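Student: For reference, the sequence and a predicted model appear below.
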Amino acid sequence: RAIKYRSPLDTVLAMQLQPGLGVDADSTWLVRFLMSFFGWFAVLVARTSN
């Protein structure tokens, strides 16, 4: 049986679906926070570069 390769991006997107309150909740919330932080940071940088 072949093992499917999962990219880190697949893992991050799967973690975004349900943060929950279980064992992986801390890392999930951290990933969600960092993605939103850098998303807004990119918006601010793009806005000020004009």
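Tutor: Great, that's in hand. Numbering: from 1, shown residues only.

Student: Against L30, how distant is S36?
Tutor: 11 Å (C-beta to C-beta, to the nearest Å). Backbone N, C-alpha and C define where each C-beta goes, glycine included.

Student: So what's the residue count around T28?
Tutor: 20 (other C-beta atoms under 10 Å).

Student: so which strand or helix has it?
Tutor: For T28, the host element (DSSP states H and E) is helix 25-48.

Student: Report all helices and strands that that helix contacts.
Tutor: Applying 3 or more C-beta pairs under 8 Å, 6 or more residues apart in numbering; DSSP states H and E, we find helix 25-48 packed against helix 8-17.

Student: Need the mean per-residue confidence for the helix it packs on.
Tutor: Per-residue pLDDT over helix 8-17 has a mean of 68.

Student: ok, now stretch 29-38?
Tutor: For stretch 29-38, mean pLDDT rounds to 83.

Student: Could you give me the buried positions within that stretch?
Tutor: Residues of stretch 29-38 classed as buried by neighbour count (16 or more other C-beta atoms under 10 Å): V31.

Student: quick one: V45 from F38, how far?
Tutor: Counting by C-beta to C-beta, the gap from V45 to F38 is 10 Å.

Student: and if you look at D26?
Tutor: 19 Å.

Student: Over to W29?
Tutor: The gap separating W29 from F38 is 15 Å, by C-beta to C-beta.

Student: swap in L9?
Tutor: Following C-beta to C-beta, the distance that separates L9 from F38 is 14 Å.

Student: can you check T11 too?
Tutor: 17 Å.

Student: Equivalent analysis for L30, please.
Tutor: In terms of C-beta to C-beta, L30 sits 12 Å off from F38.

Student: Common neighbours of the two, please.
Tutor: Common contact partners of L30 and F38 (C-beta atoms under 8 Å, 6 or more residues apart in numbering): none.

Student: Great, nothing more from me.
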